[in-house]
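Asks: Fold the following, please.
(2 chains)
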Amino acid sequence: MGRFIKVIFVLMSVAMASQFSVFVQAADNEEIKVLREEIKNLRNVYENKISELESKIGQIEGQRLASGGEHQIPATSMRSIKSNASNPSIGMVLNGKFNKYSVDGEAEVAGFALGHEGERKGAGFAVDHTELNFSSNVDDKFYGSSTFAIAEHDGETEVELEEAYIQTLPGFLADGFTLKVGRAFWTIGYLNEHHSHADDFADRPLPYRAILDGGYNDDGFEITYVVPSDFYTEVGIGLFRGNDTPFRGPDGKGYGGRSMFARVGGDIGANQSWRAGVYKLTGESVSGRTGGHGDAVTFIGDTDLQILDLRYTLAPTGNAREKEIIFQHETFWREEDGTYEDTEETPGAGAVNVNWARDKVGSYTQLIYKFNPRWRIGLRYSELQPPPAPAALAGSHIDGGGFTPEMHSVMTDWTNSEFSRVRLQFNSAELAAGQNDSQFILQYIMSIGAHGAHKY
Amino acid sequence: MEKYSITLTLAICGLLCGNAFAKVSLFACEPEWEALAKEIGGKNVEVFSATHAKQDPHHIRARPSFISKIRRADLVICSGAGLEAGWLPILIQKASARVQPGAVGYLMASDFVNILEVPTSVDRSMGDVHPEGNPHVHLNPHNILLVATELSQRLNKIDAGNIDFYNERFQKFSFRWKQAIVQWESDAASLGGTPVIVHHKSFIYLISWLNLSQKGSLEPRPGIPPTVSHLEDLLKKLKQGDPVDVIMRAPYDSAEASEWLSRQTGIPAVMMPYTVGGDSESKDLFSLFDRSITLLKQAASAIK
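Replies: Numbering: from 1, shown residues only, chains lettered A, B, ... in the order given. Predicted coordinates for the structure are as follows:
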C-alpha cells in the first residue's frame, strides 16, 4: 500500500510541477523517468494480481470438476494415422543379403543335425525373410499382433506364420501380470524374443542355430509378472504345444513344452544398465524332431534346456545416440534323454538310445561399439560343445568326433535413420573338422510403415 | 525358525515394498517434466526422470530399470506427440492400469498446448517428421504453465488427501512463473527478429515465443545427422549474404557441425541448455529460461 500512496504522491507532485515546467525542466526529466519506472512496476504488480485471481478461478473450477463433474482426460497420443484411425499398425521389414563362402555346398556343423532355419543361408544374392507385421489394441483389454515372414527354402517361396498372439493390456489382470496367448517368440534367453532383423549380426549365433533352429516360436501361452521392486524383476511361466525345435512332433494330448524364467536388471549411475536372466525350457519330442540334410536324423525323447543371459550397456558420453557399448552373452545347457536315428549315414543302426546329462552345449559373447551416430562395429565369438555320440551313430550328423565348432565374427554397420541399416560382416567359421569357412555377408535391413518400439 | 522367517519377510519387503505407499510416484520421460513435477508436488511426490539432458529423447532405449519404475508409477508425464514413440509404448504395456492412455495417470504435455509444425503430409523421405507436430513443447514458458495447471489437477485426483497442498504450491509456482514470463519477455524484447540456425528443430517453441527467425537447420532432414554437402550448401547461402546471428544446438547434439560452420562464418555457435540440467547454470525451470535468454543475447550482441 505504501508504494501506491507514494506513486499517487509522485503523480500529484508531477501535476503540480507541470505548472512550473519552465522552472524545473532538468529535475523534471529525472522525475519522469522514475515515474515511468514506477508505473511499469505498478502495472506488473497488477497484472500479476489479476493473473493470480484468474488462476484462483481456474483452481476453483478445477476443484469443482474434481469433486462433482467429470474431468475429461483426452484420448491421446499413441501414434495413429488420422484418416483410418481404427486400422492396425502395419509394418514391413525388407531384408536382403549377398553371401560369399569359401566352402562350397552344404556346410556341416559337427555334432548337430541342423534344421532349416539354422542352416547356412545360400550363397549369392538372396532376399532373406521379408516380415509383414500387423498390430493393434483389440479393445480396452487386449492387444493383438501377427508377423508373417515370406522366405525361400530350397527354391520354394513359403509364408511362415512367425507370430500371431494376443496379449492382455494392463488393468485386465492384477497389476504387473500379463498373459500372452498364441504363437510368439517366447521369453527364452535374450535374442529369442527379438525378431532377427533387430539382431546386431547378420546371422544368429551358433547355439541359436544348432539348438533352437533360429528361434523358439511354439504355440501356447505365457504368464509374466513384473515384481514391484526397486530394480527390474520379472518372472514368468509358459505352457506350449511342443511343435517347434527343440521339441517337435507333438501328440496333441496336453502340452509338449513348458518354460519358466526369472530376470533382473537395473542401472549403474545414469549411463550404464545391465540385465541378467535364467530360463528353463523342458519338453518332449513325441513323433520326432528331424534335422540334417534331407531331414536324415530324428530325435524322439525329452529335452531340457537351460539358458543364462547377460547384457550390459554403457553410454560413455552419456548420450547413447552418439556413442554406445553393448556387451551380450548367453550360455546354453542341455539334457537329452531319448533315441536318435540316422537314416542317411548309419542307416542300419536304427533308433539308438542317448542319455545325455545336463551339460554346457553352446554359448556366444558379443561386443558392439557405436563410435558415431551412424556407424557401429561388432565382435562376436560363438561356439558349440557337442556331446559324445554313441558308437552306433558314429559318422552321423550328431557325431561331433570331439570337434568344437566355433565362429569368430566381425561386423560393421551403417544406420542412416532408425528405419534403415546396411551391414558388412565377416565370419571365420570352423564348424567341422578340416572345414575353415570364410564367410562374407553384405546385408540391408529396412523397415517401412509402422515400426514398434524395440524391446529392452 | 519363525524368527528367521519374519526377518526374511521383512528383508524381502524392505527390498520390494520400498516406501511406495508414502508418496505419489511419478515417471517423467524428460528432465523438464521432472522439474515441473517437483515444483508442483514438492515433498509429496517422488519423481524419476527416464532421461537426462545429455541424452537425445528421440533415441532412448527402453532400459530394464524403466520397467520397474513405470510399474510402480502413479503418473507418467512426458512430452508426447510421438517424441517417445520408440520406447514409451513398450513400457506402458508393462505398466499398471493407472497410467494407461486415457487414465488420470497418463499426462502427455503436447495434449494441452498448441502444437506447432503439424505436417499436412508425412513421408519418411522427409526425415523423422512427427505426424503429430513438433513435440519439443516445453521451450515456451506459457506451455509450461498450461501443463502445470493440468498436472496440479491430476495430482489432486490421484492424491485427494493433499489437494490443499498441491493447490497452494501450484498457485505459488504460477504466480512466480507469470512474473518471470513478464521479466523474460521484456528482457528478450531486443531479440525479436534475430535470425538463427538450429541443429535440429528442437527449439521451434522458443523461437516462436521470442519471435526469432529460423533460417535453417544443420540436419538436412529432421533426425538425419548433418552431412558435408548440406553444410556446404548452408555455408554458400550464408556467404551470399543471408545473415544469421546464432547457431543453436542442444547438449545432446554433436558439436562438430555447428562449430565447423561457426569457424567458417564467425557466427557464434551456442550450446543452449535445452532442458533442466543442460548446463551448470540451468538448475531448474526458472534458470533454464534465464540462461537461454542470456546466451541468446550474448551471442546476438557478439555479432553486432
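Asks: If we go by neighbour counts, what in stretch A:261-271 is buried?
Replies: If you call a residue buried by 16 or more other CB atoms under 10 Å in any protein chain shown, then stretch A:261-271 has these buried ones: A:Phe261, A:Arg263, A:Val264, A:Gly265, A:Gly266, A:Asp267, A:Asn271. The C-beta positions use only the backbone N, C-alpha and C, and glycine is treated the same way.
Asks: quick check: longest helix of chain B.
Replies: In chain B, assigned by DSSP state H, the helix with the most residues is helix B:163-187.
Asks: gap between that helix and the chain center?
Replies: Taking the mean of its C-alpha atoms, helix B:163-187 sits 19 Å from the chain's own mean (CA atoms, centre = their mean, to the nearest Å).
Asks: on contacts alone, who are the packing partners of that helix?
Replies: Here helix B:163-187 is seen to pack against helix A:25-67, helix B:31-41, helix B:141-158, helix B:285-303 when contacts are counted using 3 or more CB pairs under 8 Å, 6 or more residues apart in numbering or on different chains; DSSP states H and E.
Asks: got the CA coordinates for the helix or strand just after that helix in CSV?
Replies: Using DSSP states H and E, the helix or strand that follows helix B:163-187 in sequence is strand B:195-198. Extracted in CSV, the C-alpha atoms of strand B:195-198 (Å, rounded to 0.1, in the frame of the first residue of the first chain):
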residue,chain,number,x,y,z
PRO,B,195,17.9,-14.8,-37.5
VAL,B,196,19.1,-18.2,-36.2
ILE,B,197,20.2,-21.6,-37.5
VAL,B,198,19.4,-24.7,-35.4
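Asks: low-scoring stretches of the chain, by residue?
Replies: Looking at chain A here, since you left the chain open. Low-confidence regions of chain A, defined by pLDDT under 70, span residues A:1-28, A:58-85, A:452-456.
Asks: try chain B instead
Replies: Short version for chain B, where the test is pLDDT under 70: B:1-21, B:303-304.
Asks: hmm, 80 instead?
Replies: Applying pLDDT under 80 to chain B flags residues B:1-22, B:122-129, B:241-242, B:303-304.
Asks: if we can go back for a sec, which outside residues touch the longest helix of chain B?
Replies: A:44, A:47-48, A:51-52, A:55-56, A:59, A:63, A:66, B:39-42, B:44, B:141-142, B:144-145, B:148-149, B:152, B:155-156, B:159, B:285-286, B:289-290, B:293, B:297 (CB atoms under 8 Å, 6 or more residues apart in numbering or on different chains).
Asks: can you rerun that using 7 Å?
Replies: The set of residues that contact helix B:163-187 without belonging to it, under CB atoms under 7 Å, 6 or more residues apart in numbering or on different chains, is A:44, A:47-48, A:51-52, A:55-56, A:59, B:39-40, B:42, B:44, B:141-142, B:144-145, B:148, B:152, B:155-156, B:286, B:289, B:293.
Asks: Take those residues and, keeping just the buried ones, write it as a PyMOL select command.
Replies: This is how PyMOL selects the buried members of those, with burial counted by 16+ other CB under 10 Å:
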select buried, (chain A and resi 48+51+52+55+59) or (chain B and resi 39+40+44+141+144+145+148+152+155+156+286+289+293)
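Asks: about what we covered before: wait, which of the buried residues of stretch A:261-271 is closest to chain B?
Replies: Nearest to chain B among those is A:Gly265, at 2.7 Å by CB to the nearest CB.
Asks: Quick check: the closest one touching A:Asp309?
Replies: No. The pair A:Gly265 / A:Asp309 is not scored as a contact, 10.7 Å apart, by CB atoms under 7 Å.
Asks: Mutual contacts of these two, please.
Replies: A:Ala276.
Asks: quick check, stretch B:82-92 touching chain A?
Replies: Yes. When contact is scored as CB under 7 Å from any CB of the partner chain, part of stretch B:82-92 falls within range of chain A: B:Gly82, B:Ala85, B:Gly86, B:Trp87, B:Pro89, B:Ile90.
Asks: Closest to A:Gly176 out of these?
Replies: A:Gly176 has its nearest neighbour among the residues of stretch B:82-92 next to chain A in B:Ile90, at 15.4 Å by CB to CB.
Asks: burial of B:Asp284, as a residue count?
Replies: Residues within reach of B:Asp284, counting by other CB atoms under 10 Å in any protein chain shown, total 15.
Asks: Contacts only, for it.
Replies: B:Ala35, B:Val276.
Asks: now it: how far from B:Leu116?
Replies: The spacing between B:Asp284 and B:Leu116, counted by CB to CB, to the nearest Å, is 25 Å.
Asks: again with B:Phe286
Replies: When CB to CB is the yardstick, B:Phe286 and B:Leu116 sit 23 Å from each other.
Asks: Chain B next: which of the buried residues of stretch A:261-271 are close?
Replies: Filtering these for neighbours of chain B using CB under 7 Å from any CB leaves A:Gly265, A:Gly266, A:Asp267.
Asks: In TSV: those residues, plus secondary structure.
Replies: Below are these laid out as TSV (DSSP: H, G, I helix; E, B strand; the rest coil):
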residue	secondary structure
A:Gly265	strand
A:Gly266	strand
A:Asp267	strand
